[in-house]
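Visitor: take a look and give me a structure for this.
(one chain, ligands or ions: 1)
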Amino acid sequence: MKIHVYESAQAIGQAAAALFAAQVLAKPNSVLGLATGSTPVPTYREMARLYEQGAVDFSGVTTFNLDEYLGLERSHAQSYYHFMQENLFQHINVPQERIHVLKGTAPDPEQECLDYEEAIRAAGGIDLQILGIGNNGHIAFNEPDTVFSTQTRVVNLTESTIQANQRFFASADEVPRQAVSMGIGSIFRARRILLIATGEQKAGAVRAMIHGPVDPQCPASILQLHPDTVVLLDRGAARDL
Ligand code: F6R
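Guide: Next up is the predicted model:
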């Protein structure tokens, strides 16, 4: 893992957006893996700025998002589809037909997950995957587990993730209890991974990811074995290193 520490979330956003821009400049038909949550917001803002300035053209790009809440319509304000439209896709020029977000209301969620894996494969695999990390070490909605070999599938959210995500909902009761999520196996196949963490509340998970044993109880620890992972941290998230 290559680890870099920055002074602010904004500086991380600039560095991460520059990596995305470099990826797309080098390979205009890149397949990008995208995440939701608070962490990538400065990155997406900066990607939009680079696009507006004419520095990068996303018209040849295909995207796959990591996950989606099960049962939320795409029009729901807290759906990850809605989040991505608001925070990124409305501001750059990825063609809508090449944007992939798992459907939380698919009639057959298991089939939706199999089709999603197949679509990633058919697109040639993910070139650059951005990840956040949960306070419990999760990546996407891969919660602490006993195995790493998971593919895109239906998952149950842990109480810690429900508590962490309730800030976006009126109450914890409204947070969906299940999601559809790319698996650790699906994420690990990305050619390059960019993990971002900001804030002291992530310090324990970041330490376990980097210095702990490679153990599915800290899902992000698998990244110690990935051949090309870059980790961007602020001083809070890097506190315990
Ligand atoms: C989001 C995702 C999650 C988040 C993680 C951190 O698509 O897959 O793993 O990256 O929960 O969330 P934030 O950035 O809100 O702290």
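Visitor: which residues does the spatially most central residue of the chain contact?
Guide: Nearest residue to the geometric centre of the chain (C-alpha atoms, centre = their mean): Ala35, 2.6 Å. Each residue near Ala35 by C-beta atoms under 8 Å, 6 or more residues apart in numbering is listed here: 65-66, 130-132, 140. All C-beta atoms are positioned from the backbone trio N, CA, C, and that covers glycine.
Visitor: ok, so of those, who is nearest the ligand?
Guide: Gly132 (2.5 Å; C-beta to the nearest ligand atom).
Visitor: need the residues of the chain near the ligand, please.
Guide: Proximity of the chain to the ligand (C-beta under 6 Å from any ligand atom) is limited to residues 35-39, 66-67, 132-134, 138-141.
Visitor: which among those end up buried?
Guide: Buried members of these, scored by 16 or more other C-beta atoms under 10 Å, are 35-37, 39, 66-67, 132-134, 138-141.
Visitor: can you redo these as JSON lines with secondary structure and pLDDT?
Guide: Listed next are those as JSON lines, based on DSSP: H, G, I helix; E, B strand; the rest coil; pLDDT from 0 to 100:
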{"residue": "Ala35", "secondary structure": "coil", "pLDDT": "98"}
{"residue": "Thr36", "secondary structure": "coil", "pLDDT": "97"}
{"residue": "Gly37", "secondary structure": "coil", "pLDDT": "95"}
{"residue": "Thr39", "secondary structure": "coil", "pLDDT": "98"}
{"residue": "Leu66", "secondary structure": "coil", "pLDDT": "98"}
{"residue": "Asp67", "secondary structure": "strand", "pLDDT": "98"}
{"residue": "Gly132", "secondary structure": "coil", "pLDDT": "98"}
{"residue": "Ile133", "secondary structure": "coil", "pLDDT": "98"}
{"residue": "Gly134", "secondary structure": "coil", "pLDDT": "96"}
{"residue": "His138", "secondary structure": "coil", "pLDDT": "96"}
{"residue": "Ile139", "secondary structure": "strand", "pLDDT": "97"}
{"residue": "Ala140", "secondary structure": "coil", "pLDDT": "97"}
{"residue": "Phe141", "secondary structure": "coil", "pLDDT": "96"}
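Visitor: pull the residues that contact the lowest-mean-pLDDT helix or strand in the chain.
Guide: In the chain, the helix or strand scored least confidently by mean pLDDT, DSSP states H and E is helix 159-165, which has a mean of 92. For helix 159-165, contacts defined as C-beta under 8 Å, 6+ apart pick out 134-136, 138, 141, 143, 157, 172, 175, 177.
Visitor: mind running it again at 6 Å?
Guide: If you take C-beta atoms under 6 Å, 6 or more residues apart in numbering as the criterion, helix 159-165 is touched by 134-136, 172, 175.
Visitor: tell me the buried residues in that helix?
Guide: For helix 159-165, a neighbour-count test (16+ other C-beta under 10 Å) marks 161-162, 164-165 as buried.
Visitor: hmm, which two among those are most spread apart?
Guide: Ile162 and Ala164 (7.4 Å; C-beta to C-beta).
Visitor: neighbours around Gly212, how many?
Guide: 17 (other C-beta atoms under 10 Å).
Visitor: against the ligand, how distant is it?
Guide: Remark: distance between Gly212 and the ligand (C-beta to the nearest ligand atom, to the nearest Å) = 18 Å.
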